[in-house]
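Asker: what follows is a predicted protein model with its sequence.
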Amino acid sequence: MRSRALLLIPLCLLMMGAKKTKTTTDPNAPALPGSGTAQILGSKPTSDGLTEEKVDLNGDGKAEVTNYWRDREGASRLLVRKETDLNRDGKIDVRTTFDDAGLRVQEEMDGDFDGRADWVDHYISGNRSYSEIDTDWNGTFDLFKYYESGKVRRKERDTNGDGVVDFWEYLNDKGDVEKTGKDNDGDGKMDVRD
């Protein structure tokens, strides 16, 4: 199974290859990877009332990050969405959305760079609560992880590709599996518990 760590490899390579250039950033903007090398290429209003800002991280004149801001009266602007092109192919590989408090709500990642999300993290109050993962990259999520206090507590899997969860794992604080369950008849309910 591919892990989220695979998604970080291209980002690390992108940052290592970044050239040093003069930075022109908004003081209210969140820190960017390689923050000493980022250049804002331009910004423009969008049809939904946001401001789109293109950011070049490596000095090649092409945006690797696009930020979407909402202006607020009497407060600093708010980052609503961030889109990142990790492999510089012009397609979005990571899309992160934020709530009105600036906390992550959802993060979609395309690990095989085919244009569709393979891993989606959902957040409540900025804490990851649930993940959907396409482990075989066929376009269908088949692994679901549920988190409590930053730790995976339950995993659910569709092991036969029929779109119905048929295997459950319950984990302890150390991440060890304590209990499992299996659906043998395809009705989505546990028939066997260990």
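Answerer: Structure's in. What do you need?

Asker: list the buried ones in the top strand by length along the chain?
Answerer: Ranked by residue count under DSSP state E, the longest strand found in the chain is strand 75-84. Of the residues in strand 75-84, R77, L78, L79, V80, R81, K82, E83, T84 count as buried by neighbour count, 16 or more other Cβ atoms under 10 Å. (Glycine included, C-beta is placed from N, CA and C.)

Asker: can you say which helix or strand has the nearest residue to the first one once chain neighbours are set aside in it?
Answerer: In space, R77 comes closest to W69 once its chain neighbours are excluded; the distance is 4.5 Å by Cβ to Cβ, 6 or more residues apart in numbering. Element membership for W69, per DSSP states H and E: strand 65-72.

Asker: check T97 too.
Answerer: Here T97, judged by DSSP H and E, is contained in strand 94-98.

Asker: which strands or helices does that strand pack on?
Answerer: Contact here means 3 or more Cβ pairs under 8 Å, 6 or more residues apart in numbering; DSSP states H and E; on that basis strand 94-98 packs against strand 75-84, strand 104-109.

Asker: return the member of those strands having the minimum mean pLDDT.
Answerer: Across these, strand 75-84 has the smallest mean pLDDT, namely a mean of 94.

Asker: could you list the residues in contact with that strand?
Answerer: 11, 26, 28-30, 50-51, 64-72, 92-98, 100, 102 (Cβ atoms under 8 Å, 6 or more residues apart in numbering).

Asker: which of these are buried? Put it as a PyMOL command.
Answerer: Buried residues among the contacts of strand 75-84 (16+ other Cβ under 10 Å), as a PyMOL selection:
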select buried, resi 11+29+50+64+65+66+67+68+69+92+93+94+95+96+97+98
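
Asker: tell me what Y146 is bridged to.
Answerer: Y130, R154 (DSSP bridges).

Asker: alright, that wraps it up for me.
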